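# return atomic coordinates for the entry below.
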Amino acid sequence: MAKKAAAPDLTLATNRKAFHDYNVVERFEAGIKLTGTEVKSCRARAIQLNEGFAKIENGQILLYNVHIATYEHGNRFNHNVKQTRKLLMHKKEILKLHQWLGTKGGTLIPLRFYFKGGLIKVELAYCQGKTHADLRETLRKRETEKDMRRAMMK
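Next comes the predicted model:
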């Protein structure tokens, strides 16, 4: 039998800091409106999501502080690095998120950029911020899991 080829990594960028600072409540998939040079930079994996967040304004979800580097072969039509970008979601999902943000006081954080069917998608998450005690608790859990794995290896 012929071996199957390894599936290509479709993830372009991940926001590892989000899992450290926030508790992820629910995840959503959203499309993103990009220009040509932004798409080429995303394909080159020149994206930083560290300080990114999303807001709902006038019934639209807008993505802020996501750094997509300029395309090196772009000309005068190159894009602005940290411009506001529009996310594309169904209206029902946007209304659901708007209600959550109004009552529970969480925030919308982009977790990762990835390919799906040739299109670039954003995994957006509704998150609650961790307190200092929660951060310590997570570190304790990680250390105990690491110790358990070490004990099992012996």
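# same question for the longest helix seen in the chain, mean pLDDT?
Looking across the chain with DSSP state H, the single longest helix is helix 132-153. Mean pLDDT, helix 132-153: 85.
# buried ones in it, by neighbour count?
Of all the residues in helix 132-153, not one is buried under the rule 16 or more other C-beta atoms under 10 Å. Where you see a C-beta, it was placed from the backbone N, CA and C, and this is true even at glycine.
# contacts for stretch 37-54, please.
12-15, 17-18, 34, 61-71, 73-74, 77-79, 85, 87, 107-113, 120, 124 (C-beta atoms under 8 Å, 6 or more residues apart in numbering).
# and it, how far apart are its ends?
Using C-alpha to C-alpha, to the nearest Å, one end of stretch 37-54 lies 22 Å from the other.
# quick one: contacts for the most centrally placed residue in the chain?
Centroid check for the chain by C-alpha atoms, centre = their mean gives Leu111 as the closest residue, at 2.2 Å. Applying C-beta under 8 Å, 6+ apart, we find Leu111 in contact with 14-15, 18, 24, 27, 49, 123-125.
# give the PyMOL command for selecting the buried subset of those residues.
To isolate the buried ones among the contacts of Leu111 in PyMOL, judged by 16+ other C-beta under 10 Å, type:
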select buried, resi 14+15+18+49+123+124+125
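# out of the contacts of Leu111, which are inside helices?
Filtering these for helices - DSSP H - leaves Ala18.
# what helix or strand does Lys96 sit in?
helix 91-103 (DSSP states H and E).
# in strands, which of the contacts of Leu111 appear?
14, 24, 27, 123-125 (DSSP state E).
# are any of the contacts of stretch 37-54 buried, and which?
Here, 16+ other C-beta under 10 Å leaves 12-15, 18, 34, 61, 63, 66, 68-69, 71, 78-79, 85, 87, 108-113, 120, 124 buried among the contacts of stretch 37-54.
# strands - which of those residues land there?
Those of the buried ones among the contacts of stretch 37-54 lying in strands (DSSP E): 12-14, 61, 63, 68, 85, 87, 108-113, 120, 124.
# low-scoring stretches of the protein, by residue?
Within the chain, the ranges that satisfy pLDDT under 70 run 1-9.
# closest to Met153 out of the contacts of Leu111?
Comparing these against Met153 with C-beta to C-beta places Thr14 closest, at 27.7 Å.
# how close does the closest residue to that closest one other than its chain neighbours get to Glu137?
Using C-beta to C-beta, 6 or more residues apart in numbering and skipping residues adjacent in sequence, the residue nearest Thr14 is Arg112, 4.4 Å away. Per C-beta to C-beta, to the nearest Å, Arg112 is found 25 Å from Glu137.
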